[in-house]
Structure formats: structure tokens, C-alpha cells
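Chemist: I would like the atomic coordinates for the input below:
(chains A and B)
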Amino acid sequence: MFRFIFSKLLYLVPTFMGITIIAFGFVRILPGDPVLLMAGERGISPERHAILSEQLGFDRPIWVQYFDFLGRLFQGDLGNSLVTKKPVMAEFLTLFPATVELGLVAILIATLIGVPVGVLAAIKRGSWFDQVSMTAALVGFSMPIFWWGLLLIIFFSGILGWTPVSGRISLMYFFPDVTGFMLIDSLISGQKGAFTSAISHLILPSVVLATIPLAVIARQTRSAMLEVMGEDYVRTARAKGMPPRRVIGVHALRNAMIPVITTIGLQIGVLMAGAILTETIFSWPGIGKWMIDSISRRDYPVVQSGLLLIAGLVMLVNLLVDLTYGLINPRIRHK
Amino acid sequence: MSDTTIKLSDAAIRKQMLADFWFYFRQNRGAVVGMWVFIGLVLLAVFAQVIAPHDPTQQYRDALLVPPFWQEGGSTSFLLGTDAVGRDMLSRLIYGAQYSLFIGVVVVAIALIGGIFVGLLAGFFGGWVDTVIMRVMDVILAFPSLLLALVLVAVLGPGLTNAMIAIAIVYQPHFARLTRAAVMGEKQREYVTAARVAGAGTMRLMFKTILPNCLAPLIVQATLSFSSAVLDSAALGFLGMGAQPPSSEWGTMLAEAREFILRAWWVVTLPGLAILISVLAINLMGDGLRDALDPKLKRS
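Modeler: Alright, predicted model coming up:
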């Protein structure tokens, strides 16, 4: 197992280096003077330009700049935002829990609905449930989620008036930031109605974000179940008179879950892309909105580091998925 | 004389293959429906000038936010109503089909050609060429596709052309990986060795001998990428990074309509519905293509 982990980690090193090269190179291939772009200033005197250039290290050879960038990266220094002047890392850490909370709830919704639907569709293959749920899954898979979010706002916020349109919690509640997760913090604060307010803010964005993963998970579960149920050992279990519930629950489901877990893990990248759109629509103060705002404000240090952090994160989650896969499936580990 | 007989049998084989393909494709009712919707979209896009009742950019200043004709205050001269500056929704939606199909075709073409070329190189030569190419592809795949496309557009400047290039770059690794895997599988087969022994050069081996036998999974991936390209370009348009106003790209139309979501449902609902229907049609078709072309990938 140790060797398996080590080989996986080793495999990631070149990819991570590639990610740092892209993030590093991004500012340097932008049209315009990188010094002005990174300093966020315009029309400055040559003297000031020289000072800035030295300050930001642009006067040194490109490879020295790159290793300097790497060195600072490993110390957790990602530079400062041009707009807020605050360290990028600090901003990231404040906003990150919001995205994690949204993403976790979304993946929970997607899994808790997607897996049972997929299993049931496979068991009742060809039934009306199978047909309706798989059609719905295909619609969900094809959904432009930014439009889906607007539709839900029209219906639940506009017509029914059930849910708020934006933000994480109503402005009338104020409590200290303990975990960064609004659901937990509002519970801890003990304020009446705070938790309900947090949930009512979270529900629409998480449903929107869950839509595509839900569709993918349902489809994947169904096909994995169908494949497993055709296997010899399932037929044997049936033939020796095991109750169908046990055959499906123990023999089929456990083995069908292996590819499904991978699929769920691989949805993290999809979630991150979805978070950009979802957070923009619902003004959810997370990483996705932060990135899109920074891109439109030309806050390049933030874009550069955000790109790096998000790609690194996705890579890490994929590694965890790989390791879990090896843990539950010995055949992979020993290959 | 012998030449013509060979050609005849070739044509007969092709015809048989096409018939086989159609037989399997037709089994999937959803795929057939998807195909008809898609054909309808293509016709709409091609004959937009003839079909659209109005110029998509013409602003009727005396008819702002007119509702669709079946609602009170609607008028039959604007069947699906008008937007905030008095442009006919129906005409804009029809012209929007042009954008979506064009984007899909261009993105898939760039990604497909690039991916096939790179994947062929990696799979055929192996060794360090393979390692370098596949590591670069891994790096591109490490970024969430929409985020990388957004940043690329930020580098290249917002606009339709740059959005298409960005999306194509992001999709290209999928094609490269598929091509590489297929090439590595085919490379060891007898017919390739036979061609090599018969004196076929590297180029001929790569493009004429091996490539045609790797196409099935690529075609399936191409349809999937087509629908994702329509979705992603609409998303970029929605975020203000794709096609720019006043163009009638569906995502851009949605972005302009956002502030009216509670006042005029039609300016928000209709462009999104158009995106959903076209993406769904292409995905349905993709499912059918997969079943018909590649029994290994069969899902159900």
C-alpha cells in the first residue's frame, strides 16, 4: 500500500510542476507590460517603472523568477491582491469554506439521490421508472446550470417568495466566524432563526450545483449495477436461493460502487467549474465568484494564485480518489 | 476491369456498414428524436434569413418588453415577444442557432484535429515523446475546464473567436488520450505489421493504416464535446467573456436578460430553453451513436 501511495505521489510531481509553469507563465503572456499588470498601475515614470520592476523581480532572468516564484509558493506566499492589497492566501482562506460548504452539500444531494435512483433504475430496467429517471438524468446532464439557477430564482424566490435571492445568511444575524461553515456557525451561535436562514440561503445554490453531478452519478450507478448484475457470482448467489434483497445489497451493490465512487470523486472538478457559475448567480461569496470578479477586475495576482490553488486542490482530491480506489479494490493496488 | 470490381465491392461494404449503423442507431428512439431536432436546428441556422420575421438587431423603440402573443399585451407581429430594447425574441433565437452550431463545429474541429495529431504521435512513437505529450495533457486536465477557458479568454481578450479557441484547447486532451489509447491497441495488430513489412512509410502507417480503425470512440467523443462546447460557450457568453452584445448568442442574451428576471419571464426563459433543447438533442444523438458505433462503450 505504501508503495502504491508513493508511486501515485511521484506521478503527480510533473503535473504539479506543469501547473506552476502555467500559473507563472500566464501573467507573462498577457498582452501588455507585465510590470504594470502585476503592479496595477498605469502611466508611470521610467524611474518608478524600474523600481517596480526590481521589486517584483521582472529584471532578473526568467528562470530565476520562476524559482523565486516556487520558493515563495512553498512558503505560502502568493502575493497581494491589487484591489484589496491583502495577501491572496488570506483572501482564499476566508472565502474557501463558503465554496466547500456549497460543494459538500451539493455532492451530498447528488449522491443521496443519484445512487438510489441509479440502483432502482437498474433493478427495474425498462420500467417506466427507469425510462423517466434516465430521461430526467439526460436533461440534467444537458442543463445550462446558469439558466437553471435563474429559473429556480424566478419560481422559488420570485413567485413563491420562499427563498432569498443571494448571499449566505440574512444580514440581521451576526455571529463570530468559528468554522467558516455557515450551517455549523449559525447552530453554535444559538440565535433563533439563524440556522433556518442559513439553510434557506444554501438550498437553491446547492441544488443548482448538484444538478449535473446528480445526473452523472445516476447514469453511472445504473450502468455499473447492470454490468455487475450480469456477472457469474451474482447469478450463483441467485441460484443458491439467496433472497433478492441480499443479492442486490451485498453482492451487486458493493461491487458496483467501485466505479461509482470514482465518478463521485471526479465530479470535484465539475463542481469547481459549476461553482463559478452558481456563485455568480447567487452572489455566493466563495472561490468561484472571487475568480470571476478578479478576472473582470484584472486583478492578476489573484487570478494567477487562484488558478494554482484550484488546480492543486483538484489534483489533490483526484489523488485521494485514486487512493480510495486502491483501498477498496486490491486489484488496482497490486498491479 | 479488376479495378472496377474492387471499387464496387468497396462501395458494397460501405453501404452494408452504413446500413448496419442505421439499424443500430434506429433502435434508440431518443437518438432518432435527437437527430430530427438537430436537423431542424441546422435548417433554422442555414435559413435564418428567410425564416426570421425581423432583423435580430433591429430595435423597435415603441415595443419594449412586449410579452409573447398568447399573453395579454402580446402581439402577433412579435410571436415570442421583444427584449428590453425592443428586439424580436423569435428572430434573435433563430439567429442564435447559427452561433451555437458554428461554435460547436469550430471547437470540435480544432480539438479533434489537434487531439488526433498529438495522440497519434504519442501512441505511435511511445517513449519520451509519449511521456512529454501525455504529461502536458495531464496538466491541462488538472484545471476545471471552464476556469481554464475563462483565464485563457482573459489572456486572449473577450470575444467569440477567443472563446472558441480557449474551449478547443481545453477539450483537446480528451481526444489526444482516446487516440493514443486506440493507437496503442491497434499498433500491435497483424494488419499493421503486414503494412509495415509491405513497405508502408511512417506517415502512411499512422494516417492511412491505423487512424481509420480508431475513429469510433473519437466520433462519440466529438458529439459529446459538441454539446459541451455549446454549453461552455453559452456559459462564457453569460459571464461576459464570450460573444459580445449585441450578438444574439444565447448565453449573451441570457446575460443581458438577467436584470429582468422577475419582470419579463420570456427574455430569460427562452434563450435557456433553446440551449437546453439543442444540447439535449445532441446528447441524445451521442448516446445513439455510441450504441451503434462502439459495442464496447455500450451502457445499457
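Chemist: can we go C-alpha only for contacts and neighbour counts from here?
Modeler: Noted.
Chemist: Could you list the low-pLDDT ranges of the stretch 51-200 of chain A?
Modeler: Scanning the stretch 51-200 of chain A for pLDDT under 70 picks out nothing.
Chemist: how about a cut-off of 80?
Modeler: A:51-62, A:83, A:165-167, A:169-180, A:182-183, A:185-194 (pLDDT under 80).
Chemist: repeat for chain B
Modeler: B:1-11, B:17, B:20, B:63, B:73-77, B:262, B:291, B:293-300.
Chemist: Spell out which parts of it neighbour chain A.
Modeler: B:135-136, B:138-139, B:142-148, B:151, B:154-156, B:227, B:231, B:235, B:238-239, B:254, B:258, B:261-262, B:268-269, B:272, B:275-276, B:279-280, B:283-284, B:299-300 (CA under 8 Å from any CA of the partner chain).
Chemist: which residue ranges form the helices in the stretch 1-150 of chain A?
Modeler: Counting by DSSP state H, counting those that start in this stretch, the stretch 1-150 of chain A has helices at residues A:2-29, A:34-39, A:46-56, A:62-74, A:88-123, A:128-141, A:145-152.
Chemist: for chain B, that is, sorry about that
Modeler: B:2-27, B:29-46, B:48-51, B:89-125, B:127-142, B:145-156, B:160-187, B:190-197, B:202-204, B:215-238, B:250-257, B:265-293 (DSSP state H).
Chemist: want to throw the ones you listed into a markdown table with mean neighbour count?
Modeler: Converted to a markdown table, those look like this (neighbours: other CA atoms under 10 Å in any protein chain shown):
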| stretch | mean neighbour count |
| --- | --- |
| helix B:2-27 | 12 |
| helix B:29-46 | 17 |
| helix B:48-51 | 15 |
| helix B:89-125 | 23 |
| helix B:127-142 | 18 |
| helix B:145-156 | 22 |
| helix B:160-187 | 23 |
| helix B:190-197 | 13 |
| helix B:202-204 | 12 |
| helix B:215-238 | 24 |
| helix B:250-257 | 25 |
| helix B:265-293 | 23 |
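Chemist: Ok, which of these comes nearest A:L266?
Modeler: helix B:127-142 (11.0 Å; CA to CA).
Chemist: Export the closest one to CSV, keeping only CA atoms.
Modeler: The C-alpha trace of helix B:127-142 is given here as CSV (Å, rounded to 0.1, in the frame of the first residue of the first chain):
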residue,chain,number,x,y,z
GLY,B,127,8.9,6.5,-25.3
TRP,B,128,9.8,10.1,-24.3
VAL,B,129,7.5,11.6,-27.0
ASP,B,130,4.6,9.8,-25.3
THR,B,131,5.7,10.8,-21.8
VAL,B,132,6.1,14.5,-22.6
ILE,B,133,2.9,14.8,-24.6
MET,B,134,0.8,13.0,-22.0
ARG,B,135,2.2,14.9,-19.1
VAL,B,136,1.3,18.2,-20.9
MET,B,137,-2.2,16.8,-21.4
ASP,B,138,-2.4,15.9,-17.7
VAL,B,139,-1.6,19.4,-16.8
ILE,B,140,-4.4,20.8,-19.0
LEU,B,141,-6.8,18.3,-17.5
ALA,B,142,-5.9,19.3,-13.9
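Chemist: Which neighbouring elements make contact with that helix?
Modeler: Taking 3 or more CA pairs under 8 Å, 6 or more residues apart in numbering or on different chains; DSSP states H and E as contact, the helices and strands that helix B:127-142 lies on are helix A:2-29, helix A:300-328, helix B:89-125, helix B:160-187.
Chemist: Can you give the contact residues for that helix?
Modeler: A:14-16, A:18-19, A:311-312, A:314-315, B:118, B:121-123, B:170, B:173, B:176-177 (CA atoms under 8 Å, 6 or more residues apart in numbering or on different chains).
Chemist: returning to what we had before: please name whichever of the helices and strands packed on helix B:127-142 is nearest to A:G57.
Modeler: Of those, nearest to A:G57 by CA to CA is helix A:2-29, at 12.5 Å.
Chemist: can you tell me if that closest one touches chain B.
Modeler: Yes: interface with chain B: helix A:2-29 contributes A:14-16, A:18-19, A:26, A:29 (CA under 8 Å from any CA).
Chemist: Spatially central, which residue of the chain would that be?
Modeler: Picked chain A for this. In chain A, the centroid-proximal residue (CA atoms, centre = their mean) is A:M272; its distance is 3.3 Å.
Chemist: I was thinking of chain B, sorry if that wasn't clear
Modeler: Short answer for chain B (CA atoms, centre = their mean): B:F226, at 1.7 Å.
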